[in-house]
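Enquirer: coords below, sequence missing:
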């Protein structure tokens, strides 16, 4: 019997750090506001999409893919509160180019040929995955034992969309198996196929529900920006050296023979390269700042503020200031109370 899994917040900073703590490198999670091509193009490579929606019981007559054992990693969700982490794992474990790290690599090797129910049991009993997941729970001792997603007891659920081989799959741990949404032609962009599927699902619920959340697991933007910046620096240095009559390594920097034969054109290229470098440096700084804020927010999420609050109340009580504040709050009109806050 596995230990309990707690509810965690749906947030790209939470999910990015969760992935890193499991041991996966070179990715981050970004929130999406659109599935238009122009919105997705700057985020590539995109390894999969995570979709959050309000779950409701419904009949799904779509056929279950039968070619998944040993091909698509699919696990049943056998415990509550784990669907966010399970959707993330569904993408990570189906992305052959990712650096999974020792823990997840060993897990995948062991579980790969098992049926979905056994895969689900392995996830639920993984001490490492459960501990990382639970590390993002708010340390609130005042939570009720039966935690609800909202005041009406509505349940929200995460599923994954991921390309694998020549197909696009919807992976929902509450379903019997993967749903094969589309066959991908060689060289086709799987994002062109996933956009209609997500839009159709949102339209199906649009009359009664507007609360959706869509995130993407993408390549680490810091690494991509650093690589682009280094390439521009190499190109700038090669041009400067070539114009000075030195052996510049210009060919390795991506400069063509035609460019090298025109010193004036090379000189004119330098300001553009410098401008691009400045832009890349600004973007890289923004990414580092975003990571810093994500980490700071995650630290705050884990911190238990209850002792501080109790300490403040005790201090106010000992100095005779608590009761007057309580009486004041009782006599205030709701509108005045909001203004006081």
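Expert: Yep, that arrived. These numbers come from a predicted model, not from an experiment.
Enquirer: report the buried residues of stretch 286-306.
Expert: 287, 290-291, 294, 298, 301 (16 or more other C-beta atoms under 10 Å). (Glycine included, C-beta is placed from N, CA and C.)
Enquirer: in this protein, which spans are helices?
Expert: Counting by DSSP state H, the chain has helices at residues 12-22, 37-40, 83-92, 101-111, 116-124, 127-134, 190-205, 221-243, 257-260, 263-302, 306-318, 322-331, 334-340.
Enquirer: return the most buried member of those.
Expert: Each of the helices of the chain was assessed for mean neighbour count using mean count of other C-beta atoms under 10 Å. The highest is helix 83-92, with a mean of 26.
Enquirer: format the helices of the chain as TSV; extra columns: mean pLDDT and distance to residue 212.
Expert: Below are the helices of the chain laid out as TSV (pLDDT from 0 to 100; distance: least, C-beta to C-beta, whole Å):
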stretch	mean pLDDT	distance to residue 212
helix 12-22	95	15
helix 37-40	90	15
helix 83-92	94	14
helix 101-111	93	28
helix 116-124	93	25
helix 127-134	93	22
helix 190-205	86	6
helix 221-243	91	24
helix 257-260	75	48
helix 263-302	91	22
helix 306-318	76	33
helix 322-331	83	37
helix 334-340	53	30
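Enquirer: now tabulate the ones you listed in CSV and tack on distance to residue 72.
Expert: What follows is these, written out as CSV (distance: least, C-beta to C-beta, whole Å):
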stretch, distance to residue 72
helix 12-22, 20
helix 37-40, 22
helix 83-92, 9
helix 101-111, 12
helix 116-124, 10
helix 127-134, 19
helix 190-205, 14
helix 221-243, 27
helix 257-260, 47
helix 263-302, 30
helix 306-318, 44
helix 322-331, 56
helix 334-340, 52
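Enquirer: pull the residues that contact stretch 47-58.
Expert: Where contact means C-beta atoms under 8 Å, 6 or more residues apart in numbering, the residues beyond stretch 47-58 that reach it are 10, 15, 27, 29, 32, 84, 87-88, 90-92, 94-95, 98, 154-163, 174, 194, 198, 201-202, 205, 209, 211-219.
Enquirer: ignore the last one, stretch 195-207
Expert: 35-36, 49, 51, 53-54, 56, 161, 168, 170, 181-182, 212, 214.
Enquirer: so how far is residue 105 from the spatially closest residue to residue 232 that is not a sequence neighbour?
Expert: Once flanking residues are discounted, residue 232 sits nearest to residue 277: 4.8 Å by C-beta to C-beta, 6 or more residues apart in numbering. Applying C-beta to C-beta, to the nearest Å, the value for residue 277 to residue 105 is 37 Å.
Enquirer: and if you look at residue 83?
Expert: From residue 83 to residue 105 the distance is 23 Å (C-beta to C-beta).
Enquirer: pLDDT at residue 146, what is it?
Expert: At residue 146, the model reports a pLDDT of 46.
Enquirer: roughly how far apart are residue 273 and residue 26?
Expert: Distance from residue 273 to residue 26, by C-beta to C-beta: 27 Å.
Enquirer: next one: residue 194
Expert: In terms of C-beta to C-beta, residue 194 sits 22 Å off from residue 26.
Enquirer: also residue 192?
Expert: For residue 192 relative to residue 26 (C-beta to C-beta), the value is 24 Å.
Enquirer: ditto for residue 323
Expert: For residue 323, the distance to residue 26 (C-beta to C-beta) stands at 57 Å.
Enquirer: give the contact list for residue 8.
Expert: Under the criterion of C-beta under 8 Å, 6+ apart, the contact list for residue 8 reads 14, 18, 81, 84-85, 133, 136-137.
Enquirer: what do you get if the cut-off is 10 Å, keeping everything else the same?
Expert: Listed by C-beta atoms under 10 Å, 6 or more residues apart in numbering, the contact set of residue 8 reads 14-15, 18, 81-82, 84-85, 133-138, 301.
Enquirer: phi, psi of it?
Expert: phi -120, psi 160 (degrees, to the nearest 10).
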